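1. sequence unknown, structure follows:
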RNA sequence: CGGGAUGUGGCGCAGCUUGGUAGCGCACUUCGUUCGGGACGAAGGGGCCGCAGGUUCGAAUCCUGUCAUCCCGACCA
């Protein structure tokens, strides 16, 4: 390809819409253009990158025995109703774009394809003899994100590889899951990305085990907690750890654990309470009131209890709620703090926020119009394990000192609600501490189990002749996100430095002075030779000054640059590695064999040599 | 959804306080000089100043409304 024919438009200034380096560079170098928030056109250069990423993905999926397919993006609502996800994905914080056709039938634009694929599998896979099967596709997904950002990182329309496997038993599923884990590691290595696998929450998709693949980068939206011995790494949403030891309460239990009233005016926060009373935050129990709304219309007030130094992990909370209510009340639509205004709308008396204790009576909810008239009380282990503590007295300006669970007449059943923090001790080895880093989630693999096959009644006949739902796995890679993550991980002050396997072109040939016929002819000759040698080569044939072509070349990030300049008359040229290092001076005849050898090696990405 | 900011040619911005129907840099077109790290000179094209009302003799500028985009937040009372 010639630059003069490439529709290349580069920008000198950073567009105001971009915040992170990769987003700015993709816009400036003419790879993408925004049409609407979270919706981007992939310009010809970007499309070449995306096709290369897709090809690596395709080769590794095929190698693992998966079958490529292409499923509809427009999906009928009743499929999603059958799996129970329609309401959760369209109402509330739902992320599915949906629409009606002229007959009034409802459709969603596919954010994912479990429903479609499970239906097909149920139709086509009748016997255990046909299993296992792993189907994948590479296509555009649609998600109405609350807040699209960072270019292709969190778009509303994006390219994804999604795969779904079907098995006769759990062991076969686990085997496929392990194979996908291996395939994913090869994919990211082949794309030249440093990626780490971390334990993850299964989120809205559901299922049991799941693992995310994170490209490490400062701009990442996810917080990774990992031990330095490399034996534990998890998304913070999922991470577990040992909490710091609590400082024993010097006063001990008072009034048989009912606690003594402590005057604490203007000490409505844990911070001010501890400062004012000389307490440690591990000696205090804090209470959060929230409201959970479910698909069935159930509005359940929550009374959450954590130790004062701990933070609520909303993902763990949502999982706990789904576990208790999903069966009878459908999907969890939202969890939000109970506001004074909301209390008023329900006709309830104001509550002393900042002075609440776990002994708060259900009686305060009795007059509620729409809410359940009792709290669901959830207590984190850190709070439940305290033998005695300080808590709110449920009246303004007062706390209870020396309270205990039995003394308050409570018998909490504890669960894990706390967010693990950097610096926490690890469960597998308490001498290890969790360290934080940031990552961009580029892949996620799940063992779904039989959730969808049961819901969609997708069954096969077993060897014994009975009907059973499939065991399923699903495996995603954000293709367009991966491409941008590569830029985030591989750039410098001058522009992009693509890993060669996914670069739009492998070599850029630049005649320094286009007006010099000797340089022009040699450049053309090398361009033709490299093409014949099977190299993806771009020739900068524009009548620009050398400086302009070099600047644009750096911005575009093509791994190798061949400069045909003053030495052309003597048959010499320069070979420059975009990632840095001194230019090599070569004879024209040496170039093609030399480059073909280098590029051949680099096409393996970061894969270890066999 | 809450908070903040911004909407002026393709991109980045000034002008708005103190109303008098638009300007700078980059990009684009033509000519000349230049030619190994975003050249210089000359000439040129392109904007109903987000949109809708209002105030005024007159609005990019003041007022009201509305839309859009970006950033922060949407767990800790």
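-> Alright, I've got the coordinates. On a predicted model such as this, the values are computed, not experimentally measured, just so you know. Numbers count the residues shown, from 1 in each chain, chains lettered A, B, ... in the order given.

2. when you work out contacts or count neighbours from here on, use the C-alpha atoms and nothing else.
-> Fine.

3. domain map for chain A?
-> Residue ranges for each domain of chain A read A:3-73+A:110-240+A:436-488, A:255-415, A:505-602, as given by automatic domain parsing.

4. close to RNA strand B: what parts of the stretch 451-600 of chain A are there?
-> Residues of the stretch 451-600 of chain A lying close to RNA strand B by C-alpha under 7 Å from any atom of the strand are A:494, A:512-513, A:515, A:544-552, A:554-555, A:563-567, A:573-574.

5. what of the stretch 1-150 of chain A?
-> Proximity of the stretch 1-150 of chain A to RNA strand B, by C-alpha under 7 Å from any atom of the strand, involves residues A:10-19, A:36-38, A:146-150.

6. mind listing which of the residues you listed are in helices?
-> Among those, DSSP state H puts none in helices.

7. which ones among those map onto strands?
-> Among these, DSSP state E puts residue A:36 in strands.

8. can you lay out the domains of chain A as CSV showing distance to residue A:88 and mean neighbour count?
-> What follows is the domains of chain A, written out as CSV (distance: least, C-alpha to C-alpha, whole Å; neighbours: other C-alpha atoms under 10 Å):
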stretch, distance to residue A:88, mean neighbour count
domain A:3-73+A:110-240+A:436-488, 9, 20
domain A:255-415, 6, 18
domain A:505-602, 42, 18
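
9. rank those by pLDDT, which is bottom?
-> Lowest mean pLDDT within the domains of chain A: domain A:255-415, at a mean of 89.

10. can you give me how far that one is from the chain middle?
-> Put simply, domain A:255-415 sits 31 Å off its chain's centre (C-alpha atoms, centre = their mean, to the nearest Å).

11. over to that domain now: how far is its first residue from its last?
-> 28 Å (C-alpha to C-alpha, to the nearest Å).

12. related to what we said a few turns ago, just the residues of the stretch 451-600 of chain A next to RNA strand B: which are in helices?
-> The helices, defined by DSSP H, take in A:546, A:547, A:548, A:549, A:550, A:551, A:552, A:554, A:555 from those.

13. I figured the last one hits residue A:25, correct?
-> Yes - using C-alpha atoms under 8 Å, residue A:555 is in contact with residue A:25, at 7.3 Å.

14. what do the two both touch?
-> Shared contacts of residue A:555 and residue A:25 (C-alpha atoms under 8 Å, 6 or more residues apart in numbering): A:495, A:496.

15. got the residue ranges for the helices in the stretch 351-500 of chain A?
-> A:381-384, A:451-455, A:479-489 (DSSP state H, counting those that start in this stretch).

16. how near is the residue of the stretch 351-500 of chain A found nearest RNA strand B to residue A:399?
-> At 2.9 Å from RNA strand B, residue A:354 is the closest residue in the stretch 351-500 of chain A, using C-alpha to the nearest atom of the strand. From residue A:354 across to residue A:399, the span is 10 Å (C-alpha to C-alpha).

17. for those two, list the residues in contact with both.
-> residue A:392.

18. residue boundaries of the strands in the stretch 51-200 of chain A?
-> Per DSSP state E, counting those that start in this stretch, the stretch 51-200 of chain A carries strands over the ranges A:67-68, A:74-76, A:98-100, A:106-109, A:133-142, A:157-167, A:195-199.

19. which of the ones you listed sits closest to residue A:213?
-> Of all the strands of the stretch 51-200 of chain A, strand A:195-199 sits nearest to residue A:213, with 4.5 Å by C-alpha to C-alpha.

20. quick revisit: for the domains of chain A, which one sits closest to residue A:499?
-> When the domains of chain A are compared by C-alpha to C-alpha, domain A:3-73+A:110-240+A:436-488 sits nearest residue A:499, at 5.3 Å.

21. and that closest one, end to end?
-> 25 Å.

22. repeat that for stretch A:488-508.
-> 22 Å.

23. try stretch A:235-243
-> Distance across stretch A:235-243, first residue to last, is 17 Å (C-alpha to C-alpha).

24. need the domains of chain A in JSON lines (columns: distance to residue A:425).
-> Listed next are the domains of chain A as JSON lines, based on distance: least, C-alpha to C-alpha, whole Å:
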{"stretch": "domain A:3-73+A:110-240+A:436-488", "distance to residue A:425": "9"}
{"stretch": "domain A:255-415", "distance to residue A:425": "14"}
{"stretch": "domain A:505-602", "distance to residue A:425": "39"}
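
25. residue A:450 versus the closest residue to residue A:91 other than its chain neighbours, what's the distance?
-> Residue nearest to residue A:91 in three dimensions, not counting chain neighbours: residue A:333, with 7.4 Å by C-alpha to C-alpha, 6 or more residues apart in numbering. Going from residue A:333 to residue A:450 by C-alpha to C-alpha gives 23 Å.

26. try residue A:363
-> 41 Å.

27. repeat that for residue A:259.
-> Distance of residue A:259 to residue A:450, computed by C-alpha to C-alpha: 49 Å.

28. relative to residue A:381, which of the strands of the stretch 51-200 of chain A is closest?
-> Nearest of the strands of the stretch 51-200 of chain A to residue A:381, taken as C-alpha to C-alpha: strand A:195-199 at 21.3 Å.

29. what's near enough to touch the residue positioned nearest the centre of chain A?
-> For chain A, the residue nearest the mean C-alpha position is residue A:441 (3.8 Å; C-alpha atoms, centre = their mean). Counting by C-alpha under 8 Å, 6+ apart, residue A:441 touches A:212, A:213, A:214, A:215, A:220, A:222.
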